[in-house]
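**Q** Sequence unavailable; structure follows:
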């Protein structure tokens, strides 16, 4: 369908293969080794020592089983609570050691017998616990579990949810993970078992969450703990809480988990999302919750029901975009502070922090940050707020090319999401570029969401300004003292609009020009659900701006196709009435006589294939440019209408299914065509650009202020007084 979606399949394999969290460098925190999630492309080492538990979490007073493999003949298990301080809670002595194997056990589990069942004392505080397992082959290994409050909400109204599905996804114990390049034969598994140790010496992705938890407890915040998994199996888990905090690598969520968060927010709950790639894939559980499933592709999954299929949450047939919850999506973000070099990740000095926006917002109180300041840049990848997976959103800029007007809601981001920081991001080598972002929005019922947009936020909590922002958000959310965020007024009437003004964004002093620094190339595509063609053939250019700011210039080369695909609504809902409006300037175009090309096309996309419902074409004949609309890609029912070639003009189309009407406006003069439309599906995507430019084409085309709406808005014209165009047929 689209190059970008096709690229996601390729890039996802490339990115996924490099996304296992495995030790690369170590330090000490509270007496245990720490790694903050460096990416190491390594298969499982085949050494089957370590441990796992019978359940991810237990309430105080409940029992949990420990499954242990060690090469020591006898050993002691030590259980620690990790947090502001590392506390030895108990020792289980004199256990008989047996070393078991787990080759091929990634999907069915290792099958080790239980070494000991342990009843958690009712006095143990809620938190994250490690079971220290001594071995000769690999030193101390760990099994991990969380302790929940047996009376939820009694110690705190703030619940920290560990992203435990990500712990499973990144573990390749037994031979495979959810990522190709850390799996045997470079082929991922779609099925993983909880009956095996996590990666990172058994601690999973805890290193990505550890710094945040240690900081919060050291600062005196009282938290209760559970895992995202627990939402599936603990009825009403979120009900007693006012604030929920997410951390780490939050990729894998079930349908039920997402709906519970929506309900929590709807009744006034506040979500602090300090994770990245959050809710990107829908997963499901099988085998009484001991198996997690993630095909990551609807076509591959043998189960096709909306609530169980495992694909991207925003894709067909799920259509439940994560952006509507968190305000952000990995689709608009990607990798930051890193680049692909021979399939490995390396830090790019200078791209480790957010460029601050809206610095007067209360979130920045006490930081002295100003617009353009850089937040969270560390000394290396491990200490920077950015450098791993990030989520972003689509947005427009004011005519200064720098001031962000607000999010574009067509991807699901709430219209009152306030963008507080951005950074360049990429989905992979030679891909189009996007922006990591962090920000906040509020809900009418008092709910609120702050999203950090980055897996690395916890790693940067040592930065005083990152810590201050985190404290500001925690304090306000706990006190429920959160001013309502206003809706973005500039573009609220549109299904989609791109003003092409974001030409002067910069990052750490790297000003954007027409050629721009390397990270900026392709940014004109970041507002779109997909694209086709060579992105180097489009650029922001002041000469294309109509009423201040820049516009978008297409380089016109024969046989070229370069298109941008605009999703009209979150979750791809179709609409029965679609109006498009854009300023076009053909003054720089040299089109051969008789040559024609497609400039705009509307589609109904069902997740598998496209149905074209309206096409706008451009033609040169006897020195005169003209345009035509028709009801599908091949119908020639439309009449050709002359258009200017020496100046910008407003070009609009209308598709009104109920009235069987297609309309065309040129500088507000109108032509209507009555054609049968009621048998066609509703529109949910509009592509614009240049498709199949004829041989002999040279020059360029300018476009500005591209808008799509359900009513005719127009840019600066009175929609109620159309002037009808004469029909010109040649």
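**A** Arrived safely, thanks for sending. Source: prediction; values computed, not measured.
**Q** so is residue 260 in a helix, a strand, or just coil?
**A** For residue 260, the assignment made with DSSP: H, G, I helix; E, B strand; the rest coil gives helix.
**Q** Buried residues in the longest helix seen in the chain, which are they?
**A** As assigned by DSSP state H, the longest helix anywhere in the chain is helix 464-479. Across helix 464-479, burial judged by 16 or more other CB atoms under 10 Å covers 465-474, 476-478. From N, CA and C alone the C-beta is placed, and that goes for glycine too.
**Q** Surely residue 132 is in a strand?
**A** Yes. Residue 132: assigned to a strand according to three-state DSSP.
**Q** The stretch 251-400 of the chain: helices as residue ranges?
**A** In the stretch 251-400 of the chain, the segments counted as helices under DSSP state H, counting those that start in this stretch are 255-266, 323-326.
**Q** next one: the chain
**A** Per DSSP H, the chain carries helices over the ranges 3-16, 164-170, 206-218, 230-233, 255-266, 323-326, 464-479.
**Q** mind showing which ranges of the protein have poor pLDDT?
**A** The chain contains residues with pLDDT under 70 at 1-41, 337-351, 428-432, 506-522, 633-638, 714-730.
**Q** what sits against the residue nearest to residue 135 when sequence neighbours are not counted?
**A** Sequence neighbours aside, residue 49 is the residue nearest to residue 135 in space, at 4.3 Å (criterion: CB to CB, 6 or more residues apart in numbering). By CB atoms under 8 Å, 6 or more residues apart in numbering, the residues touching residue 49 are 69-71, 99, 133, 135, 137-138, 141.
**Q** how about those in TSV, adding neighbour count and distance to residue 331?
**A** Formatted as TSV, those follow (neighbours: other CB atoms under 10 Å; distance: CB to CB, whole Å):
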residue	neighbour count	distance to residue 331
69	24	40
70	26	44
71	16	45
99	17	44
133	29	40
135	20	42
137	14	42
138	16	38
141	23	37
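**Q** just to revisit the earlier point, can you redo the helices of the stretch 251-400 of the chain as TSV with mean neighbour count and distance to residue 676?
**A** Formatted as TSV, those follow (neighbours: other CB atoms under 10 Å; distance: least, CB to CB, whole Å):
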stretch	mean neighbour count	distance to residue 676
helix 255-266	18	38
helix 323-326	26	35
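**Q** Out of these, which gets nearest to residue 112?
**A** Distance to residue 112, taken as CB to CB, is lowest for helix 255-266 among the helices of the stretch 251-400 of the chain, at 28.6 Å.
**Q** list the contacts for the nearest residue to residue 297 once chain neighbours are set aside?
**A** Nearest non-adjacent residue to residue 297, counting by CB to CB, 6+ apart: residue 311, 5.9 Å away. By CB under 8 Å, 6+ apart, residue 311 lies in contact with 281-282, 295-298, 301, 318.
**Q** Make a markdown table from those and add distance to residue 654 to it.
**A** Output for these, formatted as a markdown table (distance: CB to CB, whole Å):
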| residue | distance to residue 654 |
| --- | --- |
| 281 | 38 |
| 282 | 36 |
| 295 | 41 |
| 296 | 39 |
| 297 | 37 |
| 298 | 33 |
| 301 | 39 |
| 318 | 31 |
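**Q** Buried ones from these, can you make that a PyMOL selection?
**A** Buried residues among these (16+ other CB under 10 Å), as a PyMOL selection:
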select buried, resi 281+282+295+296+297+298+301+318
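**Q** if we can go back for a sec, JSON lines for the helices of the stretch 251-400 of the chain, including distance to residue 410?
**A** Shown next, in JSON lines, are those (distance: least, CB to CB, whole Å):
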{"stretch": "helix 255-266", "distance to residue 410": "19"}
{"stretch": "helix 323-326", "distance to residue 410": "10"}
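**Q** what about the strands in the stretch 601-730 of the chain?
**A** For the stretch 601-730 of the chain, the strands defined by DSSP state E, counting those that start in this stretch cover 610-621, 624-630, 641-642, 649-656, 661-666, 669-674, 685-691, 698-709, 723-724.
**Q** Of the ones you listed, flag the one that's most buried.
**A** Counting by mean count of other CB atoms under 10 Å, strand 685-691 has the highest mean neighbour count of the strands of the stretch 601-730 of the chain, with a mean of 24.
**Q** Tell me which strands that one pairs with, and in which orientation.
**A** Note on strand 685-691: by DSSP bridges, its sheet partners are strand 562-567 (antiparallel), strand 596-605 (antiparallel).
**Q** which residues sit against it?
**A** Applying CB under 8 Å, 6+ apart, the contact partners of strand 685-691 are 496, 529, 532-533, 538, 554, 556, 560-568, 572, 578, 580, 582, 597-605, 610, 701, 703, 706, 708.
**Q** What subset of these is buried?
**A** 496, 529, 532-533, 538, 554, 556, 560-568, 572, 578, 580, 582, 597-605, 610, 701, 703, 706, 708.
**Q** Could you measure from residue 677 over to residue 662?
**A** Separation of residue 677 from residue 662 (CB to CB, to the nearest Å): 7 Å.
**Q** ok, now residue 423?
**A** Using CB to CB, one gets 42 Å for the distance from residue 423 to residue 662.
**Q** and residue 472, what is it in contact with?
**A** 362-366.
**Q** can you put the residues you listed in TSV and add distance to residue 92 and neighbour count?
**A** Shown next, in TSV, are the contacts of residue 472 (distance: CB to CB, whole Å; neighbours: other CB atoms under 10 Å):
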residue	distance to residue 92	neighbour count
362	48	13
363	45	22
364	48	22
365	48	15
366	46	12
